[in-house]
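J.: sequence-free structure coming up:
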């Protein structure tokens, strides 16, 4: 004889209301990622700070730095946090002035490579067949040669005219990695039902790609954009150090080159001169990396520490 | 309270669960709310019988099954209650008090578990034989490889599989139904006294389901073990169980003899469950008698 | 030690379905593809060096004519000796000669070390890079997967957070800048490291041989570059292994293994470890391929005479045959690594067996 165990609280409740739909927009997701992750948020703040200093700061710095030969490799002090360089100029001012180019080149290079990767990756995955094979083969070939080696060899043959040219070159070499990832993602999204539906409704390729597929990958693309920036900045710093990039103007890369080649390893007082730009680049990279990691956490919930 | 009537004579229960409460944290922080998946469950399991735990998804039945072997995931924990197990020699074991190494010994040799969808229950990089050997070696270091092979072959034959071929295969080389059989065989390796099955037929196609149900039924008849199986498939429950417990929202709301539950459900939830089953030809499945 | 130090993207090898491929056909196909890639890069190099306007061979010839008053013929002959093909012939013939030379292993002669073949030069510098970068790669891989797995097991705890922070920081610092700062801080400012001593691949006066003395000396000199490589790439391996391990820990078979009463150690190694490592295996082999090309910056900073160092010298001195040769060697090694990774993967993951090897 069966018996009722618990007569009380089993009013069959209605199921809980469905979760609020998650926005797929890139910036909302980015914001959420940053809110979630403390380090990501700090990274974002630091990055914004650097951008502000580098773009607005120069308005406050003297146009022509006085070079004071009595102060060559002068020591650091509160008013001159990084001391003086090999020509007696204030290093800190140079650091403030020198970030614009680095950030802009990095940004531009990443924009170029991200655009190429997204456009061609999506096309390759979506159209399939011949187009796909060609793009994949091209990608594999470009991926094969390490970009620094290629850049060095190219620099031997052809002078790089300006920082913009540098950005373009970096951008044009940086897309293979991302393209593969984009292609893989689009492949998997292609099979989802809403894309099927759109295709059945005959909405046309560009529209489907733009409206259905890409918005769902927006945070993924954003994350890779940030990573692209770090790669470009790394390559740029390297090329400047080697003297293979256009040495005109003043930026952190050039400062590092001068500091190193003019004997930072010999003069004790030169610490500030080399430390300034190196620290600046490292902090910039760190802020970008932490932001990118927080995006990654959002994309891959398993990485979250909760 | 629950039905503790013993089928015949007065054998002691193999398993006694009292007021078991299992909680899941919803987040890492202490402030995160806690969800009670099992909310004060009590029942007994007698030697040789089989209990079906039925209920809808999310009612806590899988969690209950995992809790019996203390296999809860990271965020879960047994908050209170007791689980007492009686070995064949009559001695009792307080399962919740076992230390790590005793718990490891206890698992599989006294009580084994067959998981839902054996699709992914095997290590993909090891052959079946290696995994059988692993299991045996974890409990009995003295068994020689030859003996272990013999034993593995024996259990595989019990589930109607050909040992030679299966033991040398990798898991992905076997079909879903075969993997389910292998998992059942593996659970028999150490001749446990209690077997917990979590949705043994859910991920399979109809024909394979039939075969597996028959297999389980057959094994249960021939071998000496008590069985708890979790299922949302009432037909399977009707076929395999001697007693049925209905779970809702972490509690057992009704428990009784299988015929009583199906023919004369008392609790409104049980009734709604049974009525929810769409009928094709007949009103109720014929409930087979258990010897 | 790839040239780019970006975040490690999750390896683009989505869990492969158990595809059956005919062994011979598959291997041949992959080899052909690899050869094709090398061929394309070789051709592109030829294009760069010979065919573009303002290309080095023409420049060289014109230089010789201008500086030494040679006739075009004579200058061309000189160029022929250096570049392993004859500028007097038709472009097509030059191309074919170039390819033929490659197949023979003739990469031409170094412009600025006349008499030394490019192959010899590369042969003298390459082993040092392989030594330093190769060993560093292995060390950082092993450490990385160990720490990564530990992080996954201690998720959310202090260790995890600390290591993540550590990994992020070390990963963002460009490796050559780290080398620079170590030299400046510890070598110049604090005078702890005898940096003058540590320059170069080995101490002058020590003869290269397979002796313990030499090996220790080599290790001493390689210490700084290796340290920098290990530190900056550790973070990447750690994080990928951590996420891979977390994924594996969530799999059913781990719970089943616990249910079967297996020891934690056994589960960690055979059930979790082996499966978590699979996605990293491909990355690792590919990284081996990039070992050859990825060191120019660090070697320049530490004055370590590996192939990156040679590359820089060649760039500075416009030693085109050497540049050409290095580019090719680097490409070949990456292609080779790709091939090996692809073919070996089936050994490691039984789900991707090549048909014909079934038990």
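T.: Good, I have the coordinates. This is a predicted model, so every value here is computed, not measured.

J.: what's around the residue in the stretch 251-359 of chain C that chain A sits nearest to, how many residues?
T.: Relative to chain A, the nearest point of the stretch 251-359 of chain C is residue C:293 (3.8 Å; C-beta to the nearest C-beta). The C-beta positions use only the backbone N, C-alpha and C, and glycine is treated the same way. For residue C:293, the neighbour count with other C-beta atoms under 10 Å in any protein chain shown is 30.

J.: just residue A:281 next, same as before
T.: The number of residues packed near residue A:281 is 26, by other C-beta under 10 Å.

J.: secondary structure class for the residue of the stretch 251-359 of chain C closest to chain A?
T.: Recorded secondary structure, residue C:293: coil (DSSP: H, G, I helix; E, B strand; the rest coil).

J.: contacting residues for it?
T.: Contacts for residue C:293 were tallied using C-beta atoms under 8 Å, 6 or more residues apart in numbering or on different chains; they are A:145, A:146, A:148, A:149, C:3, C:307, C:308, C:330, C:333, C:334.

J.: what comes into contact with stretch C:328-346?
T.: With contacts defined as C-beta under 8 Å, 6+ apart, stretch C:328-346 is touched by A:144-146, A:149, C:27, C:30-31, C:34, C:37-38, C:41-42, C:45, C:102, C:107, C:122, C:126, C:281-282, C:285-293, C:307, C:352-354, C:357.

J.: per-residue confidence at the residue of the stretch 251-359 of chain C closest to chain A?
T.: Looking at residue C:293, its pLDDT reads 74.

J.: for residue B:246, see how far away it is.
T.: Residue C:293 sits 67 Å away from residue B:246, going by C-beta to C-beta, to the nearest Å.

J.: same question for residue A:89.
T.: 83 Å.

J.: phi first, then psi, for residue B:56.
T.: phi -80, psi 170 (degrees, to the nearest 10).

J.: flag every buried residue along the helix or strand harbouring residue B:135.
T.: In this structure, residue B:135 sits in helix B:128-139 according to DSSP states H and E. For helix B:128-139, the neighbour count (16 or more other C-beta atoms under 10 Å in any protein chain shown) marks B:128, B:129, B:131, B:132, B:133, B:134, B:135, B:136, B:137, B:138, B:139 as buried.

J.: now the element after it, going C-ward?
T.: Following helix B:128-139 toward the C-terminus (DSSP H and E): helix B:145-158.

J.: can you spell out which helices and strands pack onto that following helix?
T.: Applying 3 or more C-beta pairs under 8 Å, 6 or more residues apart in numbering or on different chains; DSSP states H and E, one finds that helix B:145-158 makes contact with helix B:128-139, helix B:163-168, helix B:176-188.

J.: can you pull the residues of chain B lying near chain A?
T.: B:1-3, B:27-29, B:248-249, B:251-257, B:260-261, B:264-270, B:272 (C-beta under 8 Å from any C-beta of the partner chain).

J.: do that again at 7 Å, thanks
T.: Applying C-beta under 7 Å from any C-beta of the partner chain, we find that chain B lies next to chain A at B:1-3, B:27-28, B:248-249, B:251-256, B:260-261, B:264-267, B:269.

J.: mind pulling the model confidence for residue C:51?
T.: The model's pLDDT for residue C:51 equals 65.

J.: check residue A:284 too.
T.: 94.

J.: now do the contacts for it.
T.: Residues near residue A:284 by C-beta atoms under 7 Å, 6 or more residues apart in numbering or on different chains: A:50, A:233.

J.: in the chain, which spans are strands?
T.: By default, I'm working from chain A. Remark: strands assigned in chain A by DSSP state E are A:3-4.

J.: was after chain B, sorry
T.: Taking DSSP E as the test, the strands found in chain B are B:15-25, B:34-45, B:50-54, B:76-86, B:92-94, B:111-114, B:194-198, B:226-231, B:243-248, B:251-257.

J.: where does the prediction get shaky in the stretch 151-300 of chain C?
T.: Within the stretch 151-300 of chain C, the stretches with pLDDT under 70 are C:189, C:191-210, C:294.

J.: get me the contact residues on it for chain B.
T.: Within the stretch 151-300 of chain C, the residues that sit near chain B (C-beta under 7 Å from any C-beta) are C:156, C:251-253, C:255-256, C:258-263, C:266, C:270-271, C:274-275.

J.: so residue A:112 touches residue A:169, yeah?
T.: No. Using C-beta atoms under 7 Å, residue A:112 makes no contact with residue A:169, being 9.5 Å away.

J.: JSON lines for the helices and strands packed on helix B:145-158, including mean pLDDT?
T.: Output for the helices and strands packed on helix B:145-158, formatted as JSON lines (pLDDT from 0 to 100):
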{"stretch": "helix B:128-139", "mean pLDDT": "93"}
{"stretch": "helix B:163-168", "mean pLDDT": "92"}
{"stretch": "helix B:176-188", "mean pLDDT": "90"}
